[in-house]
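[1] A predicted structure for the sequence below; I have some questions about it.
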2 protein chains.
Amino acid sequence: MLNMSKTLPEIPAFDFAAAEAARSHQLTLTKPPGSLGRLEELAAFYAGARGRFPAAVPRRAELVVFAADHGVAVEGVSAYPQAVTPAMVANFRAGGAAVNVLARGADVAVTVVDIGVASAIPTLGPPPAGAPVGFVSARLRAGTGNLRREVAMSRAEAEAALAIGVEQAAAAVARGADVLVGGDMGIANTTASAALVCAFGGDDPGEIAGRGTGVDDDGLRRKAAVLRDALALHRPDRADPLGVLAALGGLEIAGLAGLMIGGAARRVPVIVDGFIAGAAALCALRLRPALRPFLLLSHVSAERGARRLCQLLGEPAPLFDLGLRLGEGTGGVLAVPLLRAAVALQVEMATFAGAAVPDRP
Amino acid sequence: MLNMSKTLPEIPAFDFAAAEAARSHQLTLTKPPGSLGRLEELAAFYAGARGRFPAAVPRRAELVVFAADHGVAVEGVSAYPQAVTPAMVANFRAGGAAVNVLARGADVAVTVVDIGVASAIPTLGPPPAGAPVGFVSARLRAGTGNLRREVAMSRAEAEAALAIGVEQAAAAVARGADVLVGGDMGIANTTASAALVCAFGGDDPGEIAGRGTGVDDDGLRRKAAVLRDALALHRPDRADPLGVLAALGGLEIAGLAGLMIGGAARRVPVIVDGFIAGAAALCALRLRPALRPFLLLSHVSAERGARRLCQLLGEPAPLFDLGLRLGEGTGGVLAVPLLRAAVALQVEMATFAGAAVPDRP
């Protein structure tokens, strides 16, 4: 195994004292104890991740969308052709994708990283004024290998993709990011993600393979068969998470895992959205188990294996379930206003004493 | 029965054609069909309520918090003293309550209406610069009667409270509101709301009474006993919703019901949040059954009877569940960015054709 300690930074200790201080402060605010539910947990999460209480309201949020192709697309596991990946990268750059719209509404900066698209990115118009979209060309290879027949990538390539994610986290933090969101784009990436869930969870592909962007019943059966072949071929060893990621993962999945580790290393929490980023979190957690308290699960995907994936990721569960299954980090961007609201409540609410509100006897 | 048609405006027809146009447009946008889940439904809801497609992104959102006291508070059904109600009205006016913080974050205007507080409102400082809070003094009486021993209010008072809600909706729409949120404040109002759920749903109080702001086991038993006595005394007749509201409801609950009907009458959708506003919606729907498609249920309260209440309100179910049980319209304000996002996606996303993204074969 490569020396991952060179690529991957260590995770600092989550500051449980700061989180506890946030919880104690909640009890002084003008509301019944616990009545703000998960917003109270979110404020404690943020204080613990940042390592201070009170923490200022997270102002700058950054979404990094990693895009890559998947060799397994040739197996007919997606409802859309592979040419969608570069076209959507162009769409992100021009500000026309769903996540661009959501990011503008939530005041979240967007960077798109080509970490392994298989063909040229077409050119579209510039994004709307005032909403620039960063673009990073960091293509490690033109899509992964077909995981049914060969490893998706070499261990060195997986490590390089992780390193790109770490770098992107560092760059965002250097720009002042207080919170990161990971997004994904890559035709056939629910297949790679399902393979990772099966590898780390020991599940049967028939229970995990889902419809992704909308394959029909035949496509779903093909997908499960491809996953069974891949697991039989690679015999993934959970004790070797880099090996599992290399054999069955994707370049954007490795980039996302690196982003999570890189953010947490700098005490910047990372929002994990949906099935692909969730599979990346699974890899990242096996590489750096201390990462978990720095991650905020935003939205449980409508993808079939998503609930099992959330179970593997452990508590706390995702914040909401709006039936999203688009990827791109869409649900993660929707969680940013909730995180800001949770911290603002801590900072701005009146106390029982300050507002002369009678407390319970 | 009073002639409700004088007090309560009629509800226009929900524009199913506009909603359908929104759904059709979704199919042209650069995403797999249905992959934006409930955000797609939300956009169709908004188009249908406003009666046009495309509808502009809802810019101005207004929260109206109705505050009132409850005679039943003397029965020891709340964890907090009645003096909290006026103190919290002062806190709202000064911008220090939870919902003020959330409203500032979500750019939602706030108006507080004293529709029946039992004692004088103390004076606190002004709200933060740039976030004025409207205040309307419209006190119909100093709290309701104790529903265990007498009607909460007369039919004429219930009708007057409904009319105040209708007027508040009209005033907000005249200020340019594109969407309304109803909020509540009133010590003991989960008891009145539970009484309404039992009256309209036929449920046993033991199944519906909850802990409200946090009563202990003894308080919970007292609450259920009070509800049983009230139902035995008033023998509510579901076919007479005004009578049920007068006997068992609250002034703020009637105000909320009026707000919903008044908003829908002007084709402005109303966000219904939690247990108290939900109970108000139950009354409003019995008075004006055509109202339902104009209502957006935001958050299912953690209060015990909340799921039964949602069942009585029917589909679509609330958008999220964050464990909130504070009232004030807190969850409703959190839904405003989601509604804006849903409509923005319709307006701003690229189409497959426009962005040259290959569609599925």
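    Received, thanks.
[2] which parts of the stretch 101-250 of chain A sit against chain B?
    A:V101, A:L102, A:R104, A:G105, A:A106, A:P122, A:L124, A:P128, A:T213, A:G214 (C-beta under 8 Å from any C-beta of the partner chain). Backbone N, C-alpha and C define where each C-beta goes, glycine included.
[3] Mind doing that once more with 7 Å?
    Within the stretch 101-250 of chain A, the positions lying close to chain B (C-beta under 7 Å from any C-beta of the partner chain) are A:V101, A:L102, A:G105, A:A106, A:P122, A:L124, A:T213, A:G214.
[4] ranking those residues by neighbours, who comes first?
    A:L102 (30 neighbours; other C-beta atoms under 10 Å in any protein chain shown).
[5] what number of residues lie near the closest residue to A:R155 other than its chain neighbours?
    Leaving out its chain neighbours, the residue that sits closest to A:R155 by C-beta to C-beta, 6 or more residues apart in numbering or on different chains is A:A246, at 4.8 Å. Using other C-beta under 10 Å, A:A246 has 24 neighbouring residues.
[6] List the contacts of A:A246.
    A:V151, A:A152, A:M153, A:S154, A:R155, A:A158 (C-beta atoms under 7 Å, 6 or more residues apart in numbering or on different chains).
[7] which residues of chain A fall in strands?
    Listed in chain order, the strands of chain A (DSSP state E) span A:61-68, A:108-116, A:133-137, A:179-185, A:270-272, A:295-297.
[8] can you put the ones you listed in JSON lines and add mean pLDDT and mean neighbour count?
    Shown next, in JSON lines, are these (pLDDT from 0 to 100; neighbours: other C-beta atoms under 10 Å in any protein chain shown):
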{"stretch": "strand A:61-68", "mean pLDDT": "98", "mean neighbour count": "30"}
{"stretch": "strand A:108-116", "mean pLDDT": "98", "mean neighbour count": "26"}
{"stretch": "strand A:133-137", "mean pLDDT": "97", "mean neighbour count": "16"}
{"stretch": "strand A:179-185", "mean pLDDT": "98", "mean neighbour count": "31"}
{"stretch": "strand A:270-272", "mean pLDDT": "98", "mean neighbour count": "29"}
{"stretch": "strand A:295-297", "mean pLDDT": "98", "mean neighbour count": "25"}
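[9] Any stretches of chain A with poor pLDDT?
    A:1-3, A:5 (pLDDT under 70).
[10] Could you rerun that using 80?
    A:1-6, A:361 (pLDDT under 80).
[11] mind giving me a markdown table with the strands of chain A and columns for distance to A:C198?
    Output for the strands of chain A, formatted as a markdown table (distance: least, C-beta to C-beta, whole Å):
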| stretch | distance to A:C198 |
| --- | --- |
| strand A:61-68 | 20 |
| strand A:108-116 | 22 |
| strand A:133-137 | 31 |
| strand A:179-185 | 19 |
| strand A:270-272 | 19 |
| strand A:295-297 | 20 |
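[12] Tell me which of those sits nearest to A:P32.
    Ranking the strands of chain A by distance to A:P32, with C-beta to C-beta as the measure, places strand A:295-297 first at 24.8 Å.
[13] of all the strands of chain A, which lies closest to A:A257?
    strand A:179-185 (8.8 Å).
[14] Name all residues that make contact with A:L196.
    Per C-beta under 7 Å, 6+ apart, neighbours of A:L196: A:V244, A:L248, A:G249, A:A279, A:L282, A:C283.
[15] which of those residues count as buried?
    A:V244, A:L248, A:G249, A:A279, A:L282, A:C283 (16 or more other C-beta atoms under 10 Å in any protein chain shown).
[16] Now, those that are in helices?
    Of the positions in the buried ones among the contacts of A:L196, A:V244, A:L248, A:A279, A:L282, A:C283 sit in helices, assigned by DSSP state H.
[17] Of the residues you listed, which is the nearest to chain B?
    A:A279 (17.7 Å; C-beta to the nearest C-beta).
[18] hang on, the closest one packs against A:I253?
    Yes - the pair A:A279 and A:I253 qualifies as a contact (C-beta atoms under 7 Å) at a distance of 6.0 Å.
[19] how close does the nearest residue in space to A:L248 that is not next to it in sequence get to chain B?
    Among residues not flanking A:L248 along the chain, A:A195 sits closest, at 3.9 Å (C-beta to C-beta, 6+ apart). Distance, A:A195 to chain B, using C-beta to the nearest C-beta, to the nearest Å: 21 Å.
[20] now do A:T330
    7 Å.
[21] Give me the neighbour count for the closest residue to that residue other than its chain neighbours.
    Ranked by C-beta to C-beta, 6+ apart and with sequence neighbours excluded, the top spatial neighbour of A:T330 is A:V99, at 5.1 Å. Residues near A:V99, counting by other C-beta under 10 Å, number 31.
[22] How about A:E167?
    17.
[23] Who are the contact partners of the closest residue to it other than its chain neighbours?
    Excluding its sequence neighbours, the residue lying closest to A:E167 (C-beta to C-beta, 6+ apart) is A:G262, at 7.1 Å. A:G262 makes contacts with A:P9, A:G165, A:V166, A:A169, A:A170, as judged by C-beta under 7 Å, 6+ apart.
[24] Go ahead and confirm the first one touches A:A265.
    Okay, so that is A:P9. Yes - here A:P9 reaches A:A265: they are 3.7 Å apart, a contact under C-beta under 7 Å.
[25] looking at it, the residue nearest to A:L248 is touching A:L227, isn't it?
    Yes - A:A195 is within contact range of A:L227, at 5.5 Å (criterion: C-beta under 7 Å).
[26] Can you identify each of the helices in the stretch 1-150 of chain A by residue range?
    Counting by DSSP state H, counting those that start in this stretch, the stretch 1-150 of chain A has helices at residues A:4-7, A:16-26, A:38-50, A:84-93, A:98-106.
[27] Just the CA trace of the last one, in CSV.
    In this case it means helix A:98-106. Extracted as CSV, the C-alpha positions of helix A:98-106 are listed here (Å, rounded to 0.1, in the frame of the first residue of the first chain):
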residue,chain,number,x,y,z
ALA,A,98,-30.0,22.6,-11.3
VAL,A,99,-27.2,23.0,-8.7
ASN,A,100,-26.1,26.3,-10.2
VAL,A,101,-29.7,27.7,-9.7
LEU,A,102,-29.8,26.4,-6.1
ALA,A,103,-26.3,27.7,-5.4
ARG,A,104,-27.2,31.2,-6.6
GLY,A,105,-30.3,31.1,-4.4
ALA,A,106,-28.3,30.0,-1.3
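[28] can you list contacts of that helix?
    Under C-beta under 7 Å, 6+ apart, the answer for helix A:98-106 is A:63, A:65, A:92, A:110, A:127, A:131, A:133, A:183, A:326, A:328-330, A:333-334, A:336-337, B:31, B:36, B:337, B:340-341, B:344-345, B:348-349.
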